[in-house]
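Chemist: Next comes the sequence, and after it the predicted model I'd like to discuss.
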Protein chains: 2
Amino acid sequence: MNEFELINQLQSRVNGWMPAEVESALLGIGDDAAVLQCPAGQQLVVTVDTLVEGVHFVPQSSAADIGFKALAVNLSDLAAMGATPAWFFLALTLPEVSPRWIDAFSHGLSVLSEQSRIQLCGGDTTSGPLSVTITAMGLVNPGEALTRGGARPGDLVVVSGFCGLASYALKQIEQGARPAEKAVQAMNRPEPRLKLGRLLAGKANACIDISDGLAADLAHIAKASGLGAEIELWRLPVPAELAGLPQVDRWEHQLSGGDDYELCFALSPERAVELKEWAEQADVELTVIGRITSGSDVQFLREDGGRFSPARRGFDHFPGVQA
Amino acid sequence: MNEFELINQLQSRVNGWMPAEVESALLGIGDDAAVLQCPAGQQLVVTVDTLVEGVHFVPQSSAADIGFKALAVNLSDLAAMGATPAWFFLALTLPEVSPRWIDAFSHGLSVLSEQSRIQLCGGDTTSGPLSVTITAMGLVNPGEALTRGGARPGDLVVVSGFCGLASYALKQIEQGARPAEKAVQAMNRPEPRLKLGRLLAGKANACIDISDGLAADLAHIAKASGLGAEIELWRLPVPAELAGLPQVDRWEHQLSGGDDYELCFALSPERAVELKEWAEQADVELTVIGRITSGSDVQFLREDGGRFSPARRGFDHFPGVQA
């Protein structure tokens, strides 16, 4: 298998789902670049994320899980913007080409690309230490993209699904334990909240996906909006797998674990009546966990009236370097 | 310097050139994704290329050269499509953050981003083995994108500039010699032929940039067009630095060296009169080196009537793996 055969295998596998009637790239894989037609009256949403072996996944990770997750983390960014997926580009760096690895990788990728109806339009394959960079592009109606700024004092803070499962699974594996299947799924096969993001487009005041941890990502919304937030810890939805943990350990996973890929958004209180319908349509729990304040920081309130400070606030790739 | 400071430094350095009146991204760096408005009536051209340490550059390469070249190879793909650069995204994987390295890297990048008026709109920074993946996006009038297909029998094969310098410089360095400055420039700071690409848009019948070597890339045009080609070796422009080499060694560099980033295009003979003006406007040599044939392979003709077969035809990242 040479470089061209590799690309062909990837393409046929990942785009195999595409029915002929789908509006596709004008020119896809196989030239110097792809040519795309952005539909009139739509805006383009573009995001890039890299997964590196040893940082974002362990050497034992299955190729299928790596393929799935590399696309999932990018789709999660599109979801957080309220965009509908359209096209993606894959830059794959591999130490060697194992046809079996490629087959499993492209299978994992294709499960999600088919489900989310996003077309592989190009990329690059190079030899080197294993890493996957995906550029994902989506479409949104003008002015409806969800940003981190735009929250208003009094807005409800809402979170989808459950936070903390992925980091709990990782910690269990590090300790030699075998995590529950649902936690492993949360870590290896996160489900991007695309349906929810589309429902929120033009309606939520601010939105972010929880990749760095709820505390850090909510702080991004607060900072970009020039405001603060108050979270009532007893309102955080508790996944069954974390229910038996000491309260503080659980909060650390829920607030700082990261790798969750749920959406956290700020919503005008008068829209609260719509939450139930959105939850049903997007098939995901939606929980009001606090509100946006006119302050300048994010507070975590305990039911006894005290406050809680997570030991770490999210993931920084380069925390220790001095400028 | 943490991850956020790193991104801020990159952004201010690389986009520092942008005058306020330039049409910019609706939403750039700093959210989950960028939001872009593709101008009405334009098509979008998208390309992705990765540079990996030890594969595309040596560990001794300067950070400024890496920054320059990572963007250059992507702009070269836009040039080959006839596109005008618009936006780019940077996925940077670094083993550690040295503010000095980042400063030099972003300087090299900014020299070319300013020159080619392309805006950094987002990306990702991760820790891991050094590699740079850039996604570059450009614009082209509908139907005017240059592809590899579309050449016609009898078309002239034209090449810009000089081929072989970059691979000659690399070989000299590998042999412990000190290559001429112009060869080092060709290797470290290739000049994407953007002006030429724009002049050719809608006029050339097929076009490619010479990253894999003239022989391999011309074969891509021939294959995509379902045709062959004949190259008259004595017409190949000879860079002064290669003039003293034995003929066969020179041909190997010119035909198979790769890393050249010149454009090779197929042109209807009736357009030949325009070559002189294009060369002046784009400030680059344009040389007719052969023609497209109704055959199915690419032939290299010697002046004595014989034929020449390059020992290797371009660069394959994964040549040795069996399917």
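Modeler: In hand now; what should we look at?

Chemist: Remind me what the host helix or strand of A:Glu280 packs against, helices and strands.
Modeler: Per DSSP states H and E: A:Glu280 is located in helix A:275-282. For helix A:275-282, the packing partners by 3 or more C-beta pairs under 8 Å, 6 or more residues apart in numbering or on different chains; DSSP states H and E come out as helix A:194-200, strand A:286-293. To be clear about C-beta, it is placed using only N, CA and C from the backbone, and glycine gets the same treatment.

Chemist: Show me what the first one is packed up against.
Modeler: Applying 3+ C-beta pairs under 8 Å, 6+ apart, we find helix A:194-200 packed against helix A:63-81, strand A:84-94, strand A:263-267, helix A:275-282.

Chemist: run the last query once more with 6 Å
Modeler: In terms of contacts (3 or more C-beta pairs under 6 Å, 6 or more residues apart in numbering or on different chains; DSSP states H and E), helix A:194-200 is packed against helix A:275-282.

Chemist: Could you do the longest one as well?
Modeler: For strand A:286-293, the helices and strands in contact under the criterion 3+ C-beta pairs under 6 Å, 6+ apart are strand A:156-160, strand A:228-232.

Chemist: Average pLDDT for stretch A:197-217, rounded please.
Modeler: For stretch A:197-217, the mean per-residue pLDDT is 96.

Chemist: Next, the buried residues of that stretch.
Modeler: Across stretch A:197-217, burial judged by 16 or more other C-beta atoms under 10 Å in any protein chain shown covers A:197-201, A:203-217.

Chemist: what distance separates the start and the end of it?
Modeler: Start-to-end span of stretch A:197-217 (C-alpha to C-alpha, to the nearest Å) is 16 Å.

Chemist: Over to stretch A:156-173?
Modeler: Stretch A:156-173 has an end-to-end distance of 35 Å (C-alpha to C-alpha).

Chemist: ok, and what's touching it?
Modeler: A:179, A:183-184, A:186-187, A:193, A:196, A:214, A:229, A:237, A:239, A:242, A:253-254, A:257, A:259-260, A:262-265, A:267, A:269, A:284-291 (C-beta atoms under 6 Å, 6 or more residues apart in numbering or on different chains).

Chemist: Need the buried ones from those selected in PyMOL.
Modeler: In PyMOL syntax, the buried subset of the contacts of stretch A:156-173 is picked out as below (16+ other C-beta under 10 Å):
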select buried, chain A and resi 179+183+184+186+187+193+196+214+229+237+239+242+253+254+257+259+260+262+263+264+265+267+284+286+287+289+290+291
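
Chemist: tell me the contacts of A:Ala72?
Modeler: A:Ala72 sits next to A:Leu112, A:Pro190, A:Pro192 when contact means C-beta under 6 Å, 6+ apart.

Chemist: Closest to chain B out of those residues?
Modeler: Comparing these against chain B with C-beta to the nearest C-beta places A:Pro192 closest, at 11.4 Å.

Chemist: Could you tell me the phi and psi values at that closest one?
Modeler: phi -60, psi 140 (degrees, to the nearest 10).

Chemist: And for A:Ala104, the neighbour number?
Modeler: Counted by other C-beta atoms under 10 Å in any protein chain shown, the residues lying close to A:Ala104 total 17.

Chemist: same question but for A:Asp297, I mixed them up
Modeler: Neighbour number of A:Asp297 under other C-beta under 10 Å is 12.

Chemist: tally of neighbours for the residue lying closest to it once chain neighbours are set aside?
Modeler: Among residues not flanking A:Asp297 along the chain, A:Gly228 sits closest, at 5.1 Å (C-beta to C-beta, 6 or more residues apart in numbering or on different chains). As a burial measure, A:Gly228 scores 20 neighbours (other C-beta under 10 Å).

Chemist: Looks like A:Gly228 contacts A:Gly295 (just checking).
Modeler: Yes. Contact criterion C-beta atoms under 6 Å: A:Gly228 and A:Gly295 qualify, at 3.0 Å.

Chemist: one step back: contact partners for the residue nearest to A:Asp297?
Modeler: A:Ala222, A:Thr293, A:Gly295, A:Ser296, A:Asp297.

Chemist: low-scoring stretches of chain A, by residue?
Modeler: A:1, A:3-4, A:17-23, A:312-323 (pLDDT under 70).

Chemist: Which residue ranges of it form strands?
Modeler: Using DSSP state E, the strands of chain A run over A:34-36, A:43-52, A:84-94, A:119-127, A:131-140, A:156-160, A:206-209, A:228-232, A:263-267, A:286-293, A:298-301.

Chemist: Let's have those in CSV, adding distance to A:Leu71.
Modeler: Listed next are those as CSV, based on distance: least, C-beta to C-beta, whole Å:
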stretch, distance to A:Leu71
strand A:34-36, 17
strand A:43-52, 9
strand A:84-94, 7
strand A:119-127, 9
strand A:131-140, 6
strand A:156-160, 19
strand A:206-209, 14
strand A:228-232, 30
strand A:263-267, 17
strand A:286-293, 24
strand A:298-301, 30
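
Chemist: closest to B:Ser12 out of those?
Modeler: Closest to B:Ser12 of those, according to C-beta to C-beta: strand A:43-52, at 19.3 Å.

Chemist: For the closest one, which helices and strands make contact with it?
Modeler: Packed against strand A:43-52 by the contact rule (3+ C-beta pairs under 6 Å, 6+ apart) you find helix A:63-81, strand A:131-140, strand B:34-36, strand B:84-94, strand B:119-127.

Chemist: May I see the ones you listed arranged in CSV, with distance to A:Pro310 as well?
Modeler: Shown next, in CSV, are the helices and strands packed on strand A:43-52 (distance: least, C-beta to C-beta, whole Å):
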stretch, distance to A:Pro310
helix A:63-81, 21
strand A:131-140, 29
strand B:34-36, 29
strand B:84-94, 27
strand B:119-127, 22
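
Chemist: who's in contact with the most centrally placed residue in chain A?
Modeler: With distances taken as C-alpha atoms, centre = their mean, the residue of chain A nearest its centroid is A:Ser76 (3.1 Å). By C-beta under 6 Å, 6+ apart, the contact list for A:Ser76 reads A:Pro192, A:Asp209, A:Tyr261.
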